[in-house]
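Trainee: Predicted model follows, preceded by the sequence.
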Amino acid sequence: MLHPELLALLACPACEERPPLELHGAYLVCFQCRRAYPIRDEIPVLLVEEAVPLEQVQSEQSQEQGG
């Protein structure tokens, strides 16, 4: 679980405007560029190369929920 104060400081590294990231499961999500950054061992991996499309994360979460 990320500390709320840390989460408030994090911004998307891919977007020039640096929008805030939102916590969704095991990912930090940027709704502007629709990238999801993984969280591994409670450490956010904010590398553009490691990001996955938001749609992929939503699909994974939907499958986990049985729908």
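Mentor: That came through, no problem.
Trainee: Surely residue 8 is within a strand?
Mentor: No - if the criterion is DSSP: H, G, I helix; E, B strand; the rest coil, then residue 8 is helix and not within a strand.
Trainee: Tell me which residues touch it, please.
Mentor: The neighbourhood of residue 8, defined by CB atoms under 8 Å, 6 or more residues apart in numbering, consists of residue 20. In short, each C-beta sits where N, CA and C put it, glycine included.
Trainee: And it, how close does it get to residue 30?
Mentor: Going from residue 8 to residue 30 by CB to CB, to the nearest Å gives 15 Å.
Trainee: tell me the mean pLDDT over the biggest strand by length in the chain?
Mentor: Identified as the longest strand of the chain according to DSSP state E is strand 35-40. Averaging pLDDT along strand 35-40 yields 97.
Trainee: residues making contact with that strand?
Mentor: So strand 35-40 is contacted by 2, 12, 14, 21, 24, 26-30, 44-48, 50-54, 56-57 (CB under 8 Å, 6+ apart).
Trainee: now do 10 Å
Mentor: 1-2, 10, 12-15, 21-30, 44-48, 50-58, 60 (CB atoms under 10 Å, 6 or more residues apart in numbering).
Trainee: Starting from the following helix or strand past it, tell me which strands it pairs with and how they run.
Mentor: Using DSSP states H and E, the helix or strand that follows strand 35-40 towards the C-terminus is strand 43-44. Note on strand 43-44: by DSSP bridges, its sheet partners are strand 35-40 (antiparallel).
Trainee: Helix, strand, or coil at the nearest residue to residue 17 once chain neighbours are set aside?
Mentor: Among residues not flanking residue 17 along the chain, residue 32 sits closest, at 7.0 Å (CB to CB, 6 or more residues apart in numbering). Classification of residue 32 using three-state DSSP returns coil.
Trainee: Sounds good, over and out.
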